[in-house]
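My questions concern the predicted model and sequence given below.
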Amino acid sequence: MVRSSRRDRRFRTWTLRALLALAGAAACSASPWAVAAPLDAPSPLARTEFSIARLKYGGGGDWYGDQGSVRNLLAGLKSRAGVPTGTADAPVVTPTDEALFNYPMLFMAGHGNVKFTPAEVERLHRYLTAGGFLWCDDDYGISDSFRREMKRVLPESEMVELPFDHPVFHQLYEFPRGLPKIHEHDGGPARAFGIYDDGRLVVLFTFDTDLGDGLEDEGVHPDPPEKREQAMKMGVNIALFALKQ
């Protein structure tokens, strides 16, 4: 892997300063949501607002699924946690888009294959090691290819299962038994896996739960209100964790 560029280092600086400032304001319900971000921050919009982008990937998988999930999560972050969100819905980015570094958090989901080009592998490596955070939600069938590609992106890091006392389960909402189970799939327990870089969780993989489906608009899937509420609460926790760490 190549060394991080000056732009990457600026992104990491912005992430640590601006997002921690946002997290601090959220914790004390401070307003207005103005953050004294560095002048060379990647984007004027990103200085005071938190955005999540949807990651478009190759390989034939349905990267476009869960179409309403991020939109609803962003609305939940604003109404429940007071987080100022940059857009009403998730912009779509590829790993090689210049705009990638404008977003501290990426969301991806799907049922099928994931495949990154060598250039995309390098760019995602730079994004994650510079301060970015990727949440992948398994819609049922993405696991093998996602794990394979993450091993290419972060070859020196292993994917490990997160224990129930991990902070991601104890943000605004408490999940003492880990991820909620939204869809049955194979009937196994919902499990959360992560990849760390230099002590920081940079990738979260939610498996056998289908939070993204639970975050969809009512009626898209036959999820009862209590399941949709669990999905929203866990999604808010994930976004707050990404923002704060």
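That came through, no problem.

could you point out the longest helix in this structure?
helix 225-244 (DSSP state H).

now for that one, which elements pack on it?
helix 20-27, helix 69-81, strand 105-110, strand 133-138, strand 200-207, helix 211-215 (3 or more C-beta pairs under 8 Å, 6 or more residues apart in numbering; DSSP states H and E). In this view, the C-beta of every residue, glycine as well, is placed from N, C-alpha and C.

now it: mean pLDDT?
For helix 225-244, the mean per-residue pLDDT is 95.

Would you indicate which residues of that helix are buried?
Residues of helix 225-244 classed as buried by neighbour count (16 or more other C-beta atoms under 10 Å): 227-228, 230-243.

Show me the shaky parts of this structure.
Low-confidence segments of the chain (pLDDT under 70): 1-48, 66, 185, 219-222.

most packed of the helices and strands packed on helix 225-244?
Most buried of these, by mean neighbour count (mean count of other C-beta atoms under 10 Å): helix 211-215, with a mean of 27.

Show me what that one is packed up against.
helix 69-81, helix 225-244.

Give me the angle between the longest one and helix 69-81.
Going back to what we said before, that points to helix 225-244. 80 degrees (axes from the mean of the first three to the mean of the last three C-alpha atoms, to 10 degrees).

quick one: contacts of helix 225-244?
With contacts defined as C-beta atoms under 8 Å, 6 or more residues apart in numbering, helix 225-244 is touched by 19-20, 22-23, 26, 50, 52, 69, 72-73, 76-77, 80-81, 83, 104-105, 133, 135, 167-173, 175, 179-180, 182, 201, 204, 206, 211-215, 218, 223.

one more time with 6 Å
For helix 225-244, contacts defined as C-beta atoms under 6 Å, 6 or more residues apart in numbering pick out 19, 23, 50, 73, 76-77, 80-81, 105, 133, 135, 168, 171-173, 180, 182, 211, 214-215.

Stretch 192-203 now?
The contact list for stretch 192-203 (C-beta under 6 Å, 6+ apart) reads L128, T129, L134, L154, S157, M159, E161, L162, L179, L204, F205, T206.

Export the helices and strands packed on helix 211-215 as TSV, with columns for distance to R191.
What follows is the helices and strands packed on helix 211-215, written out as TSV (distance: least, C-beta to C-beta, whole Å):
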stretch	distance to R191
helix 69-81	19
helix 225-244	13
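
Do I have it right that E49 meets G86?
Yes. Contact criterion C-beta atoms under 6 Å: E49 and G86 qualify, at 3.7 Å.

which residues are in contact with both of those two?
Counting by C-beta under 6 Å, 6+ apart, nothing touches both E49 and G86.

export stretch 111-120 as CSV, just CAs?
This file holds the C-alpha atoms of stretch 111-120, laid out as CSV (Å, rounded to 0.1, in the frame of the first residue of the first chain):
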residue,chain,number,x,y,z
HIS,A,111,-27.3,-10.2,-1.2
GLY,A,112,-24.7,-11.0,-3.9
ASN,A,113,-21.1,-10.6,-4.9
VAL,A,114,-18.7,-7.8,-3.9
LYS,A,115,-15.6,-7.1,-6.0
PHE,A,116,-13.2,-4.2,-5.8
THR,A,117,-10.6,-3.3,-8.4
PRO,A,118,-7.0,-2.9,-7.3
ALA,A,119,-7.4,0.9,-7.4
GLU,A,120,-10.6,0.6,-5.3
